[in-house]
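S.K.: what follows is a protein structure lacking sequence information:
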């Protein structure tokens, strides 16, 4: 696939597109490029070669899977150590206007760029597994760019956002390994607490006070781990507990009070929304057939004794 996407290397150091450009290069005996700057963001995804990168007078030896981030105004150049070996890489340019369009949605997309601009961290190392996940996103982007299909620009925009968020998440997790472990412990403790305290106050305010964490942080790590909000999780657990209670012949009125619902109307609405039927319909549907079977068994036993 890479062979079909290959582009002849250009020494051009300006963008033709007003938004983005993405190329795959694989060169031997590449033309020398002097140290230079851009008025756009540049991403290098290094695939192979014996190459170093000079960034603001500091030399970085590149390894397969490295990602290089060059913000506007940063001097840089590739230094070819062995011109006999192919120098292969993806190169992605994104304009400042396009960057700003994405950044306005969330700062999270460009955590990796902030590391470069604020802390001078330009090179990010990745193992083979991590880089494979990056490459797959790049391939999807290139395919969308070269195909004419319905919704092309929106699909490209979504793909670029996904790529940058993926890169930023990987960089963040490498820089915060201890925090990740702490967050995981916090998440597991909250899960355990919720599962055993369904009859208690489980508001974000209460949980924040209980676990000495901000409401925002608890909501964030919960959504990150489960894919749903903490409110949705609590609601699902309470409703499931009510289901089990109803099947155990506990009255509906007692069941919803046992598991944190303050009144019947809110319980009824939540139950109907989750399962598509009312609590009473659920009880009748589940319990009556069992009662009918039990009565039939009794009748059959009586018939056998009569014989």
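M.R.: Perfect, thanks for sending it. Just so you know, these numbers come straight off a predicted model, no measurement behind them.
S.K.: okay, and the beta partners of residue 90?
M.R.: Under DSSP bridges, the beta-bridge partners of residue 90 are residue 24, residue 45.
S.K.: what's near enough to touch it?
M.R.: 22-25, 43-45, 47, 135, 138 (CB atoms under 8 Å, 6 or more residues apart in numbering). C-beta: built from backbone N, CA, C; applies to glycine.
S.K.: and it, how far from residue 260?
M.R.: With the distance defined as CB to CB, to the nearest Å, residue 90 ends up 52 Å from residue 260.
S.K.: what do you get for residue 95?
M.R.: Separation of residue 95 from residue 260 (CB to CB) stands at 51 Å.
S.K.: now the helices for the stretch 201-307 of the chain?
M.R.: All helices of the stretch 201-307 of the chain, identified by DSSP state H, counting those that start in this stretch, fall at 204-211, 215-226, 230-247, 252-258, 264-275, 279-306.
S.K.: list the helices and strands the fourth one packs on?
M.R.: This means helix 252-258. helix 230-247, helix 264-275, helix 279-306 (3 or more CB pairs under 8 Å, 6 or more residues apart in numbering; DSSP states H and E).
S.K.: elements contacting the second one?
M.R.: What that stands for is helix 264-275. Applying 3+ CB pairs under 8 Å, 6+ apart, we find helix 264-275 packed against helix 230-247, helix 252-258, helix 279-306.
S.K.: rank those by pLDDT, which is bottom?
M.R.: Out of the helices and strands packed on helix 264-275, helix 279-306 stands lowest, with a mean of 58 (criterion: mean pLDDT).
S.K.: just checking, residue 247 touches residue 284?
M.R.: No. When contacts are counted by CB atoms under 8 Å, residue 247 is not listed as touching residue 284 (11.9 Å).
S.K.: where do the strands of the stretch 101-250 of the chain begin and end?
M.R.: Ranges of strands in the stretch 101-250 of the chain, per DSSP state E, counting those that start in this stretch, are 123-124.
S.K.: returning to that earlier point: with respect to residue 56, which of the helices of the stretch 201-307 of the chain lies nearest?
M.R.: Nearest to residue 56 among the helices of the stretch 201-307 of the chain is helix 215-226; the distance by CB to CB comes to 34.1 Å.
S.K.: residues near residue 98, how many?
M.R.: For residue 98, the count of nearby residues is 19 (other CB atoms under 10 Å).
S.K.: that one belongs to a strand?
M.R.: No. With DSSP: H, G, I helix; E, B strand; the rest coil as the criterion, residue 98 is assigned helix and is not in a strand.
S.K.: now do the nearest residue in space to it that is not next to it in sequence, the pLDDT please.
M.R.: Closest residue to residue 98 apart from its sequence neighbours, by CB to CB, 6 or more residues apart in numbering: residue 19 at 4.4 Å. As predicted, residue 19 sits at a pLDDT of 91.
S.K.: equivalent analysis for residue 8, please.
M.R.: Reported pLDDT for residue 8: 50.
S.K.: now the one 3 residues further on
M.R.: Looking at residue 11, its pLDDT is 54.
S.K.: before we move on, what about the one 3 residues further on?
M.R.: Per-residue confidence at residue 14 stands at 59 (pLDDT).
S.K.: how many other residues sit next to residue 232?
M.R.: Number of residues near residue 232 (other CB under 10 Å) recorded here: 14.
S.K.: residues in contact with it?
M.R.: Contact criterion CB under 8 Å, 6+ apart gives no residues in contact with residue 232.
S.K.: how much space separates it from residue 70?
M.R.: Distance from residue 232 to residue 70, by CB to CB: 41 Å.
S.K.: for the protein, what helix or strand is lowest in average pLDDT?
M.R.: When the helices and strands of the chain are scored by mean pLDDT, DSSP states H and E, helix 2-5 comes last with a mean of 48.
S.K.: may I see the buried residues of stretch 177-190?
M.R.: 183, 186-187, 190 (16 or more other CB atoms under 10 Å).
S.K.: what's the answer for stretch 126-135, then?
M.R.: So, applying 16+ other CB under 10 Å, buried residues of stretch 126-135: 126, 130-131, 134.
S.K.: before we move on, the earlier item: the residue nearest to residue 98 against residue 99, yeah?
M.R.: No. At 9.6 Å, residue 19 and residue 99 do not qualify as touching, with contact defined as CB under 8 Å.
S.K.: so these two - more neighbours on which side?
M.R.: The neighbour comparison of residue 19 against residue 99 (other CB under 10 Å) goes to residue 99, with 21 against 17.
S.K.: skip the chain neighbours and tell me the closest residue to residue 84.
M.R.: That would be residue 28: by CB to CB, 6+ apart, it lies 6.8 Å from residue 84.
S.K.: neighbours of the one you found, how many?
M.R.: Each residue near residue 28 was counted by other CB under 10 Å, and the total is 13.
S.K.: show me what contacts it?
M.R.: 83-87.
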